[in-house]
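In: Okay, predicted coordinates and the sequence, questions at the end:
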Amino acid sequence: MITVSNRIYVHPEYHAAFEARFHARPRQVDDRPGFLCSYILKPTVQDEPFIVLTLWESREAFEAWRTAPGFKEGHKGGNTLPPEAF
């Protein structure tokens, strides 16, 4: 099993919108072979990032997702917040 983490800095006034975006994501990844689960960890200290974790059965499963057509589709939600949110 591997864990993939992404650190995403979000201005505090956009925290709620960022969390809502994560929970409303297209979920393209959920049915991918080898995908186990994902978590969003909210910062507890100002000026720290959100951490998005995904757990995979193997690195190969994760790499297959990164090169899959659904990868870009699954990340389109990133355009729903203005640039100043980050």
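Out: Nice, I can see it. Residues are numbered from 1 along each chain as shown.

In: who touches residue 64 in this structure?
Out: 32, 33, 34 (Cβ atoms under 8 Å, 6 or more residues apart in numbering). For glycine as for every other residue, the C-beta is placed from the backbone atoms N, C-alpha and C.

In: Sort those by pLDDT and name the bottom one.
Out: pLDDT across the contacts of residue 64 is at its lowest for residue 32, which sits at 92.

In: picking up where we left off before, quick one: buried ones out of the contacts of residue 64?
Out: Neighbour-count burial within these applies to 32, 34; the criterion is 16 or more other Cβ atoms under 10 Å.

In: what's the closest of the contacts of residue 64 to residue 50?
Out: residue 32 (21.9 Å; Cβ to Cβ).

In: okay, which residue is most central for the protein?
Out: Most central in the chain under Cα atoms, centre = their mean is residue 52, positioned 4.9 Å from the mean C-alpha point.

In: check which helix or strand covers that one.
Out: Using DSSP states H and E, residue 52 sits in strand 50-56.

In: which residues touch the closest residue to residue 58 other than its chain neighbours?
Out: Closest residue to residue 58 apart from its sequence neighbours, by Cβ to Cβ, 6 or more residues apart in numbering: residue 34 at 5.9 Å. The contact partners of residue 34, by Cβ under 8 Å, 6+ apart, come to 56, 57, 58, 60, 61, 62, 64, 65.

In: Ignoring the adjacent residues along the chain, who's closest to the last one?
Out: If you skip the residues right next to it in sequence, residue 65 has residue 32 as its closest partner in space, 5.0 Å away by Cβ to Cβ, 6+ apart.

In: circling back to that earlier point, give the bridge partners for the residue nearest to the centre of the chain, please.
Out: Judged by DSSP bridges, the bridge partners of residue 52 are residue 6, residue 40.

In: ok, it - contacts?
Out: By Cβ under 8 Å, 6+ apart, residue 52 lies in contact with 5, 6, 8, 22, 38, 39, 40, 41.

In: Could you report the pLDDT at the second one?
Out: The pLDDT attached to residue 6 in the predicted structure is 93.

In: Distance of residue 73 relative to residue 29?
Out: The gap separating residue 73 from residue 29 is 10 Å, by Cβ to Cβ, to the nearest Å.
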